[in-house]
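Q: Pasting a predicted model and its sequence here:
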2 protein chains.
Amino acid sequence: MSANSRLTIAIHILTWMALVGRKRPDPVTSNRIALSVNTNPVVIRRILGRLSKKGLVRSLRGANAGWVLAKPPRAITLRDVYDALGEGPSFALHAATPNQACPVGRGIRPALSRVYDSLDGVLRTHLARTTIEDVLADTLRRPNLKRT
Amino acid sequence: MSANSRLTIAIHILTWMALVGRKRPDPVTSNRIALSVNTNPVVIRRILGRLSKKGLVRSLRGANAGWVLAKPPRAITLRDVYDALGEGPSFALHAATPNQACPVGRGIRPALSRVYDSLDGVLRTHLARTTIEDVLADTLRRPNLKRT
DNA sequence: TTCGATGTAACAAGCATAGTTACATCAAAA
DNA sequence: TTTTGATGTAACTATGCTTGTTACATCGAA
């Protein structure tokens, strides 16, 4: 392990909401979601907060409070989720500034930034090809064929 | 920040070795490399160790000891470097096993694994298109045009 | 007004990362 | 054969991120 699991949790949340939303459109609580994800409701709310800032979900308050999808599952791509989380790039540059007196130390950071930016673009383009609906369908496909 | 910088350091090392190797093919020490990267020689040796296991560099011992590239810079792609480091995937699955009594909790991990594996493939395909020679060329290009 | 959930701050435990010291090992050169 | 300087790796530390947790003010429909 080394990376964080926030994208996984976010997709899990949205996929679960998509499934539940098929039967009733009522808002769901962070508590119920946490039961499926198996974590603390605050962890769920933290991520839902980011998703709501980007318009993927909405929170309702008062009696019958909770969360609802702001778009149909087919209109939410994994790229939307990735962008909503606003994580930094997958690869970090140097922890300490490299030697600026060295030609490589001077020029490597901009060169690598370009590589990493390009990678991020490829990543996001690829993520855009899968929707929450796709993930839900794939998630529900497997458990049925229980033969090994 | 959040990700590690080992890929950055590894590429820096190889790029620096490629530049120095242009003038003389002599082995270079982890100490000299560390001066360009601005870190501790042990950090350099740790990464060189992984690169040598995958045949990208070779270490020489005795008098005049040090490191040399095992291939020309044009024959080393960033995918080779990425693979040599053997880092895990960019996105982690759940820290705690999701609720297996829930259809989503049960099926989401295999579904996401497929997504992440596919992402890794795209990533590596893209990395394969850039060589250390390319990075060196790009690294040396900028510093000359010092106008702002 | 009540009541249950949101939204967020604050803190703890566990890990990974990067840096550092120390030292055994090695092999070419003298 | 001895010297010498660098490799290769273990061990430890400081720092920061991640996740989990408690606590609580805020909100708004019933």
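A: On my side now, so go ahead. All values reported here derive from a predicted model rather than from experimental measurement.

Q: show me the contacts for residue A:22.
A: Shown in contact with residue A:22 (CB atoms under 8 Å, 6 or more residues apart in numbering or on different chains): no residues. All C-beta spots, glycine's among them, are computed from the backbone N, C-alpha and C.

Q: Would you mind writing the CA trace of the helix or strand harbouring it as PDB?
A: Under the criterion DSSP states H and E, the helix or strand holding residue A:22 is helix A:6-23. Extracted as PDB, the C-alpha positions of helix A:6-23 are listed here (Å, rounded to 0.1, in the frame of the first residue of the first chain):
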ATOM      1  CA  ARG A   6     -10.500   8.200  -1.400                       C
ATOM      2  CA  LEU A   7     -11.300   7.600  -5.100                       C
ATOM      3  CA  THR A   8     -12.300   4.000  -4.200                       C
ATOM      4  CA  ILE A   9     -14.500   5.200  -1.300                       C
ATOM      5  CA  ALA A  10     -16.100   8.000  -3.500                       C
ATOM      6  CA  ILE A  11     -16.900   5.500  -6.300                       C
ATOM      7  CA  HIS A  12     -18.300   3.100  -3.700                       C
ATOM      8  CA  ILE A  13     -20.500   5.700  -2.300                       C
ATOM      9  CA  LEU A  14     -21.900   6.800  -5.600                       C
ATOM     10  CA  THR A  15     -22.400   3.300  -6.800                       C
ATOM     11  CA  TRP A  16     -24.200   2.400  -3.700                       C
ATOM     12  CA  MET A  17     -26.400   5.500  -4.000                       C
ATOM     13  CA  ALA A  18     -27.100   4.500  -7.600                       C
ATOM     14  CA  LEU A  19     -28.300   1.100  -6.600                       C
ATOM     15  CA  VAL A  20     -30.400   2.300  -3.700                       C
ATOM     16  CA  GLY A  21     -31.800   5.100  -5.900                       C
ATOM     17  CA  ARG A  22     -33.200   2.500  -8.300                       C
ATOM     18  CA  LYS A  23     -35.900   1.600  -5.800                       C
END
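
Q: So what's the model's average confidence on the helix or strand following that helix?
A: Along the chain past helix A:6-23, the next helix or strand (assigned with DSSP H and E) turns out to be helix A:30-37. Confidence over helix A:30-37 (mean pLDDT, whole number) is 98.

Q: do stretch A:46-62 as well
A: Stretch A:46-62 carries an average pLDDT of 98.

Q: What is the burial count for residue A:84?
A: By other CB atoms under 10 Å in any protein chain shown, 21 other residues sit near residue A:84.

Q: before we move on, the earlier item: buried ones in the helix holding residue A:22?
A: With burial defined by 16 or more other CB atoms under 10 Å in any protein chain shown, the residues of helix A:6-23 counted as buried are A:6-21.

Q: Which helix runs longest in chain A?
A: Assignment by DSSP state H gives helix A:103-127 as the longest helix of chain A.

Q: what residues does the following helix or strand past it touch?
A: Once the chain leaves helix A:103-127, the next helix or strand it forms, by DSSP H and E, is helix A:132-141. Defining contact as CB under 8 Å, 6+ apart, one finds that helix A:132-141 is touched by A:11, A:14-15, A:18-19, A:72-74, A:76-78, A:81, B:103-104, B:107-108, B:111-112, B:114-115.

Q: Stretch A:119-130 now?
A: Contact with stretch A:119-130 is made by A:77-79, A:81-83, A:89-91, B:115, B:118-119, B:122-123, B:126-127, as judged by CB under 8 Å, 6+ apart.

Q: Repeat that for stretch A:74-86.
A: Contact with stretch A:74-86 is made by A:6-7, A:10-11, A:14, A:47, A:50-51, A:53-54, A:56, A:69, A:123-125, A:127-133, A:135, B:115, as judged by CB under 8 Å, 6+ apart.

Q: Return the set of buried residues in it.
A: A:76-82, A:84-85.

Q: Now intersect these with the helices, please.
A: Secondary structure from DSSP H places A:78-82, A:84-85 of the buried residues of stretch A:74-86 in helices.
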